[in-house]
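Asker: what follows is a protein structure lacking sequence information:
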């Protein structure tokens, strides 16, 4: 997990993250997930944006290697969720240098390009070694993906994107997010690969918590 105070160690856990992905099915579910160990109950539940449905919120950062490692499994998991479960993604900001990537995500969302390009952002950063940590680098990358530079730039600097960035930062603070990736379940629970010991385990615990909320 990448947290507020762990940036200088962000690559030290890559091998561990890869091992998480290879965990054997069912490992995290050998016994019922334990509150305080595999998941945390929020002392102050948060309101969600999806009345009548169970909402899963992924707090992430594009430059986080652990978020990158989780993404393929998360995408496959999302496709199998029942219709009454919705997933929202929230890019975090632990310092000012992370805001450009928050804006990147919400600009893609504003242009209807998240499904097409979200995974490609991770690929650009972690496989192609493109930092994408400044506005101009992001604009250059977006243009190479076939997006209109002027349109993308206008959306990136828009009031709508700025408002979503501010809301995302406040939401992460309300949830007391201090590391990523973290999954919040229906405004009541938090789980993560660092709590469960694997990416697979985090998704299995999320399934368990979704089940609790659907009852």
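Answerer: The structure has been received and is ready for your questions. Only a predicted model underlies this, so the values are computations on that prediction, with no experimental measurement involved.

Asker: show me where pLDDT drops low in this protein?
Answerer: 4-30 (pLDDT under 70).

Asker: and the helices in it, which stretches?
Answerer: Here the chain has its helices, by DSSP state H, at 14-21, 65-79, 99-110, 114-126, 135-144, 149-156, 159-174, 193-196, 199-214.

Asker: tilt between the third one and helix 135-144?
Answerer: Note on geometry: by axes from the mean of the first three to the mean of the last three C-alpha atoms, to 10 degrees, helix 99-110 and helix 135-144 are set 30 degrees apart in direction.

Asker: same question, the last one
Answerer: Angle, helix 199-214 to helix 135-144, by the same axes, to 10 degrees: 90 degrees.

Asker: how about helix 199-214: buried residues?
Answerer: Under the neighbour-count criterion of 16 or more other C-beta atoms under 10 Å, helix 199-214 has 199-210, 213 buried. Placement of C-beta: from N, CA and C, glycine included.

Asker: and what of the second one?
Answerer: With burial defined by 16+ other C-beta under 10 Å, the residues of helix 65-79 counted as buried are 65-71, 73-74, 77.

Asker: what's the answer for stretch 91-98, then?
Answerer: Buried residues in stretch 91-98, counted by 16+ other C-beta under 10 Å: 91-94, 98.

Asker: and of the buried residues of helix 199-214, the nearest to residue 46?
Answerer: For these, the closest approach to residue 46 (C-beta to C-beta) belongs to residue 213, at 13.2 Å.

Asker: my read is that that closest one contacts residue 185, right?
Answerer: Yes: between residue 213 and residue 185 there is a contact under C-beta atoms under 8 Å: 6.4 Å.

Asker: tell me the contacts of the residue positioned nearest the centre of the chain?
Answerer: The residue lying closest to the centre of the chain (C-alpha atoms, centre = their mean) is residue 60, at 3.0 Å. The contact partners of residue 60, taken as C-beta atoms under 8 Å, 6 or more residues apart in numbering, are 67, 89-92, 180-181.

Asker: redo that, cut-off 7 Å
Answerer: By C-beta atoms under 7 Å, 6 or more residues apart in numbering, the contact list for residue 60 reads 67, 89, 91-92, 180-181.

Asker: let me see the contact set for residue 133.
Answerer: So residue 133 contacts 97, 100-101 (C-beta under 7 Å, 6+ apart).

Asker: output these as TSV; include the columns distance to residue 158.
Answerer: TSV is the format used below for these (distance: C-beta to C-beta, whole Å):
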residue	distance to residue 158
97	21
100	14
101	16
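
Asker: just these now: which is nearest residue 39?
Answerer: For the contacts of residue 133, the minimum distance to residue 39 (C-beta to C-beta) is 26.8 Å, reached by residue 101.

Asker: just checking, the closest one touches residue 62?
Answerer: Yes: counting by C-beta atoms under 7 Å, residue 62 is a contact partner of residue 101 at 4.6 Å.

Asker: which neighbours do the two share?
Answerer: Counting by C-beta under 7 Å, 6+ apart, the common neighbours of residue 101 and residue 62 are residue 132.

Asker: and the gap between the residue lying farthest from the centre of the chain and residue 103?
Answerer: In the chain, counting by C-alpha atoms, centre = their mean, residue 150 sits farthest out from the average C-alpha position, at 27.4 Å. To residue 103, residue 150 is 16 Å away according to C-beta to C-beta, to the nearest Å.

Asker: ditto for residue 173
Answerer: 18 Å.
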